[in-house]
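# pasting a predicted model and its sequence here:
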Protein chains: 2
Amino acid sequence: MKNFVFESPTKIIFGKGTESVIGEEVKKYGKKVLLHYGGGSIKKSGLYDRVIDSLKAAEIEYVELSGVQPNPRLSLVEKGIELCRKENVGYILAVGGGSVIDSAKAIAVGVPYSQSVWDFFEGKATPQEILPLGVILTIPATGSEASNSCVITNEEGWYKRGIRTDLVRPKLAIMNPELTFTLPPFQTACGIVDIMSHVMERYFTNEKNVDLTDGLCEAALKTVIKNAPIVLKDPEDYAARAEIMWTGTIAHNELLGTGRVGDWASHKIEHEVSGIYDVAHGAGLAVILPAWMKYVYKHDINQFAQFAVRVWGVAEDEENLEKAALEGIKKMEEFFQSIGMPITLQELNIPNDRFEEMAEKCVQTPTKTVGNFVELGKTDVLNILHLAV
Amino acid sequence: MKNFVFESPTKIIFGKGTESVIGEEVKKYGKKVLLHYGGGSIKKSGLYDRVIDSLKAAEIEYVELSGVQPNPRLSLVEKGIELCRKENVGYILAVGGGSVIDSAKAIAVGVPYSQSVWDFFEGKATPQEILPLGVILTIPATGSEASNSCVITNEEGWYKRGIRTDLVRPKLAIMNPELTFTLPPFQTACGIVDIMSHVMERYFTNEKNVDLTDGLCEAALKTVIKNAPIVLKDPEDYAARAEIMWTGTIAHNELLGTGRVGDWASHKIEHEVSGIYDVAHGAGLAVILPAWMKYVYKHDINQFAQFAVRVWGVAEDEENLEKAALEGIKKMEEFFQSIGMPITLQELNIPNDRFEEMAEKCVQTPTKTVGNFVELGKTDVLNILHLAV
């Protein structure tokens, strides 16, 4: 186990009707909030009205900024920063899924910073201050409600870049599984893949002696695998929605990564795909993850065999670990298909004519590689993209 | 899954040599600390000197209060409160195991309270304020380094009573598994039982649809079961000591209890035993837990069978759940014995002549019962004590 620092102070208020306390919770931090959200779905569902009522009851003033898109854009973040400065906003409240939360995080670190917020995403500067930030989560997927990460897309060049700092962990996450009842099946499934990917990126590590976190990862994966078909069959199954929602937070608040180094190549490759083609992150991951696994499993057949046996129920076969490993990957693909996810780029209508560009962008790092479990160069990324066709 | 609020903000600094940063960390909160510890072991090991060096390097003043005993006493807590007030201390630093940490927590809530700190433990008052509190952990066991609980023994009448409030969660826990290398086998084993008990008290719940936390609990238990024999054979096995140490925190920071109601009868019964006889808490639990299980398993044979199969590797037998359930309890007893723990009161030299008194004290609650999985009255507690003979 590697040395680590772990600090996850987000206050989680989980369960039925919990959005009604938002006003009282915000009051502890500020008098005026930016209410940040996507489109009209929170108005249609009545959530918007309940939030406004709670803010008003607590005598909190608010300004609004809606219009967050999937793969949230830098231009809206900049608009939000300006608005917060002009209106003297003291608290950012994100109501929505990961895109809204990440947009809100970027606004919150941008307000106290005098130059372009994109500096942080290009590694030119490190955030030192942030406005307090709260979340009412409506889509279990990115884990952004308690994570230390934030991913934004710059439309100039379609760069999708992330930052990681404990500073961006929200102070508060209100999580009511009922709010996820109306999620369409495709979005539900994308969230499920995203949650699983956060666990798997951490699961495949070169660190040995990580029994506890191996076990926690396996528990998280099995919980999602069991409950996914239930929510797709009955979108209003509260118990199953709750399991997925809480797992989504645990999958990415960094607990499962304590003492180990995760891989994250699949995420970075997928970021290039969805940065250019604007596909849903979860769907992109469902395509990239199996291709990545097929490309790297020989690096540690033991861990892939363990994954197959413990997570996917593949029969243990110490004589033939490779067979078990490959069967595990196959079972994962079948699972993705069973919940309506693509497992090839073709299904996403993505041609192969920009692979070169994606691979090039993907390894624009100081080491010219991507991934920690296996360090991949540009050619490796190209090979994985070709495996994903 | 039940509605819940979860907030576990303790900053964990985990790994080799991490105690060297204590001065810099304390500096964020105060200029003068109370250094609180037990006996001479931290001096013998050199830890004391390293802590003092780090405090001095950060220009932190300190006063000392040593002498914390197992089952920490109210009288020393009161002495600590007085000392902190007199010396104008702004931060409590506990260096030791659960007893030292609980003693420090009680001092920290006692200093800003004008009346007797025992009021909190008798439920006559609720803590509203606390001095900031940091921990350098030397014994993985109670989970107190990140927990919301604190247990103190009042020598007048030998009452052992606890409080639960997020206020007492330490700001900081420094956890270096190397500091546990010198723990004697008995203390190591007591810690292991205590850690497992915190998981099991939460595992046995009447709440259904708790897949994630069931799985997290099972992962924690299996980690300890695997690594316990390793550390008992080789006390300086860093990897195994690290697994047990980190599991000890996760077992009791409340994550594993989110969305479910734990039982806690075994803890309360054991508190009466160790309150009177001053036995090690872990050893007492090793005796009470199996007796409790034998008394209550019929209440939910499914959960006990699941426990046996998933945690203890008992063969699944849907035809005979009771057989599996009982086999799981037997395997747990065998495990406790294998790590040198008693499983009967006789082995602890505890006679049966004060059972009546213990049972009576144990159910001194508003409902006259103890436990949530099964509510036990005085007669039930007596029966369990007799099963533990």
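Thanks, I have the structure now. These numbers come from a predicted model, not from an experiment. Residues are numbered from 1 along each chain as shown, chains lettered A, B, ... in the order given.

# identify the residues contacting stretch A:274-283?
Outside stretch A:274-283, the residues that touch it by C-beta atoms under 8 Å, 6 or more residues apart in numbering or on different chains are A:70-71, A:98, A:141-142, A:153, A:158-160, A:186-187, A:189-194, A:197, A:270, A:273, A:284, A:341-342, A:348, A:350, A:354, A:357-358, A:361. Backbone N, C-alpha and C define where each C-beta goes, glycine included.

# try it again with 7 Å
Stretch A:274-283 has contacts (C-beta atoms under 7 Å, 6 or more residues apart in numbering or on different chains) with A:70-71, A:141, A:153, A:158-160, A:189-191, A:193-194, A:270, A:273, A:284, A:341-342, A:348, A:350, A:354, A:358.

# span of that stretch from start to end?
Separation of the first and last residues of stretch A:274-283 by C-alpha to C-alpha, to the nearest Å is 9 Å.

# quick one on the thing from earlier: ChimeraX command to pick out the buried ones of the contacts of stretch A:274-283?
Entered in ChimeraX, the line below selects the buried ones among the contacts of stretch A:274-283, by 16 or more other C-beta atoms under 10 Å in any protein chain shown:
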select /A:70,71,141,153,159,160,189,190,191,193,194,270,273,284,341,342,348,350,354,358
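
# list the ones among the contacts of stretch A:274-283 that fall in strands.
Judged by DSSP state E, strands contain the following of these: A:153, A:159-160.

# ok, those vs chain B, which is closest?
For those, the residue nearest chain B by C-beta to the nearest C-beta is residue A:160; the value is 29.8 Å.

# contacts only, for that closest one.
Taking C-beta under 7 Å, 6+ apart, one finds A:71, A:151, A:153, A:271, A:274-275 in contact with residue A:160.

# and it, how far is that from residue A:270?
9 Å (C-beta to C-beta, to the nearest Å).

# just to check, residue A:244 is in contact with residue A:141?
No - Residue A:244 is not in contact with residue A:141 according to C-beta atoms under 7 Å; the separation is 9.4 Å.

# in helices only, show me the contacts of stretch A:274-283.
Among these, the members found in helices (DSSP state H) are A:189-191, A:193-194, A:270, A:273, A:284, A:358.

# return the residues of chain A in contact with chain B.
Applying C-beta under 7 Å from any C-beta of the partner chain, one finds that chain A approaches chain B through A:1-9, A:11-16, A:18, A:209, A:211-212, A:215-216, A:218-220, A:222-223, A:226-227, A:239, A:242-243, A:246-247, A:250, A:258-259.

# show me what contacts residue A:348?
Residue A:348 makes contact with A:279, A:283, A:287, A:342, according to C-beta under 7 Å, 6+ apart.

# quick one, strands of chain A?
Counting by DSSP E, the strands of chain A are A:4-14, A:32-37, A:61-65, A:91-96, A:133-137, A:149-154, A:159-164, A:172-175.

# any idea which of those strands scores lowest on pLDDT?
Per-segment mean pLDDT for these reaches its minimum on strand A:159-164, at a mean of 88.

# in chain A, where's the longest helix?
helix A:211-233.

# okay, that helix in CSV with CA atoms only?
Extracted C-alpha coordinates of helix A:211-233, given in CSV (Å, rounded to 0.1, in the frame of the first residue of the first chain):
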residue,chain,number,x,y,z
ASP,A,211,-6.7,-6.2,-0.2
LEU,A,212,-9.1,-3.7,1.4
THR,A,213,-9.5,-1.5,-1.6
ASP,A,214,-9.6,-4.5,-4.0
GLY,A,215,-12.5,-5.7,-1.9
LEU,A,216,-14.3,-2.4,-1.8
CYS,A,217,-13.9,-2.0,-5.6
GLU,A,218,-15.4,-5.4,-6.1
ALA,A,219,-18.3,-4.7,-3.8
ALA,A,220,-19.1,-1.4,-5.7
LEU,A,221,-19.0,-3.2,-9.1
LYS,A,222,-21.2,-6.1,-7.9
THR,A,223,-23.7,-3.6,-6.5
VAL,A,224,-24.1,-1.8,-9.8
ILE,A,225,-24.1,-5.0,-11.9
LYS,A,226,-26.9,-6.4,-9.7
ASN,A,227,-29.0,-3.2,-9.6
ALA,A,228,-28.6,-2.0,-13.2
PRO,A,229,-31.1,-4.4,-14.8
ILE,A,230,-33.6,-3.7,-12.0
VAL,A,231,-33.7,0.1,-12.6
LEU,A,232,-33.8,-0.4,-16.4
LYS,A,233,-36.8,-2.7,-15.9
